[in-house]
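Asker: Let me see the structure of the following:
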Amino acid sequence: MSNKTVAILSYVTIIGWIIAYVKSKDLNPKSDLAVYHLKQGLGLFIVSFIVNILMSVVVAIVPSVGFINFIGIIFLILLIMGIINAANEEEKPFPVIGHMFENRFGFIDK
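Answerer: Residues are numbered from 1 along each chain as shown. Just a heads-up that it's a prediction; the model follows:
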């Protein structure tokens, strides 16, 4: 599997991320592109999971604010941006939240 394929696959569901993570271990030499997008993809999944749980709780408590579920569209846009950056072999972070993940998830580097 190529570096570009691993980078793109890291954004396609959490199962795709796990497959990309396992395949990235087979890459020789270690690909900075794949590692970068694995970190960005995992960070995006974690943040979107937490935000979706919080939105569900808020909507359950105050049903009249159900329109905040449209925040999920923002994560879809970020996901598409990540796939495009991976396909273009660019290491650009996500707007606002991307820089938080660049130095996190040290287990991916190994």
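Asker: Tell me which residue of the chain is furthest from the middle?
Answerer: The centre of the chain is farthest from one residue, Ser64, which by C-alpha atoms, centre = their mean lies 30.1 Å away.
Asker: Now the residue nearest the centre of the chain: closest residue in space that isn't a chain neighbour?
Answerer: Of all residues in the chain, the one closest to the mean position by C-alpha atoms, centre = their mean is Gly41, 2.0 Å from it. Leaving out its chain neighbours, the residue that sits closest to Gly41 by C-beta to C-beta, 6 or more residues apart in numbering is Ser10, at 3.8 Å. Just so you know, the C-beta spots here come from the backbone N, C-alpha and C atoms, and that holds for glycine as well.
Asker: just Ile14 next, same as before
Answerer: Per C-beta to C-beta, 6+ apart, closest to Ile14 is Phe45, 5.7 Å.
Asker: quick one: contacts for Tyr36?
Answerer: By C-beta atoms under 8 Å, 6 or more residues apart in numbering, the contact list for Tyr36 reads Ala7, Glu91, Glu102.
Asker: 10 Å - rerun?
Answerer: Contact partners of Tyr36, counting by C-beta atoms under 10 Å, 6 or more residues apart in numbering, are Ala7, Ser10, Asn85, Ala86, Glu90, Glu91, Lys92, Pro93, Phe101, Glu102, Ile108.
Asker: biggest helix in this structure by residues?
Answerer: helix 32-61 (DSSP state H).
Asker: next structured bit after that helix?
Answerer: helix 71-87 (DSSP states H and E).
Asker: tell me which residues in that following helix are buried?
Answerer: For helix 71-87, a neighbour-count test (16 or more other C-beta atoms under 10 Å) marks Phe75, Leu78, Leu79, Met81, Gly82, Ile83, Asn85, Ala86 as buried.
Asker: That concludes my questions; thank you for your assistance.
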